[in-house]
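Novice: Sharing a model prediction with you, sequence too.
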Amino acid sequence: MTTNQSLDKIRIVLEKSKKKDINIEIESIIDVTVNYLDVTIANENGYLRTCVYHKPTAQPYYLTYTSDYLHKYHRNILYTELICAERLCSNIYDFNSERLHIDMSLLLS
């Protein structure tokens with residue numbers, strides 16, 4: 001959620017939403033940067049910047065070349081990872097950084 005309201009108003013709205021249903025847990029984090037699923041979203045002077053988020057526990061490997069999968073799966077790894085990076089990165093510098101990360105991960109595999 002992005003808003004220009006004060007922190008007090010945001011906290012009030014979040015507390016109200018927590019009390020609506022006891023089965024739903026809402027964790028509120030108010031910060032300039034947030035990691036959500038596979039995306040890092042940062043607020044830089046009012047502009048949202050997005051890039052790919054890698055979980056710290058994730059292994060930097062894809063399918064090994066000697067695995068028993070069809071070769072079409074091996075060929076599609078690079079394509080799908082680059083498409084994902086293109087969709088999630090909001091600027092070219094983050095995309096190039098992610099491209100290098102993909103290259104290194106494929107070399108490790």
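Specialist: Thanks, I have the structure now.
Novice: pLDDT at Leu48, what is it?
Specialist: Here, the pLDDT recorded for Leu48 equals 88.
Novice: For it, pull up the helix or strand it's in.
Specialist: strand 47-52 (DSSP states H and E).
Novice: Extract the C-alpha set from that strand and format it as PDB.
Specialist: Only the C-alpha atoms of strand 47-52 are listed here, as PDB (Å, rounded to 0.1, in the frame of the first residue of the first chain):
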ATOM      1  CA  TYR A  47       9.100   7.300  -7.200                       C
ATOM      2  CA  LEU A  48       8.600   3.600  -6.800                       C
ATOM      3  CA  ARG A  49      11.600   1.500  -7.900                       C
ATOM      4  CA  THR A  50      11.300  -2.300  -8.300                       C
ATOM      5  CA  CYS A  51      13.800  -5.100  -8.700                       C
ATOM      6  CA  VAL A  52      14.100  -8.800  -8.200                       C
END
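Novice: Mind giving me the packing neighbours of it?
Specialist: strand 39-44, helix 71-88, helix 92-108 (3 or more Cβ pairs under 8 Å, 6 or more residues apart in numbering; DSSP states H and E). For every residue, glycine as well, the C-beta is placed using N, CA and C.
Novice: mean pLDDT for these: which is lowest?
Specialist: Looking at the helices and strands packed on strand 47-52, the bottom one is helix 71-88 with a mean of 81.
Novice: tell me how far it is from the chain's mean position?
Specialist: Distance of helix 71-88 from its chain centroid, counting by Cα atoms, centre = their mean, to the nearest Å, is 16 Å.
Novice: Which residues are in contact with the most centrally placed residue in the chain?
Specialist: The centre of the chain sits closest to Val39, judged by Cα atoms, centre = their mean, with a distance of 1.6 Å. Val39 is in contact with 50-53, 88, counting by Cβ atoms under 8 Å, 6 or more residues apart in numbering.
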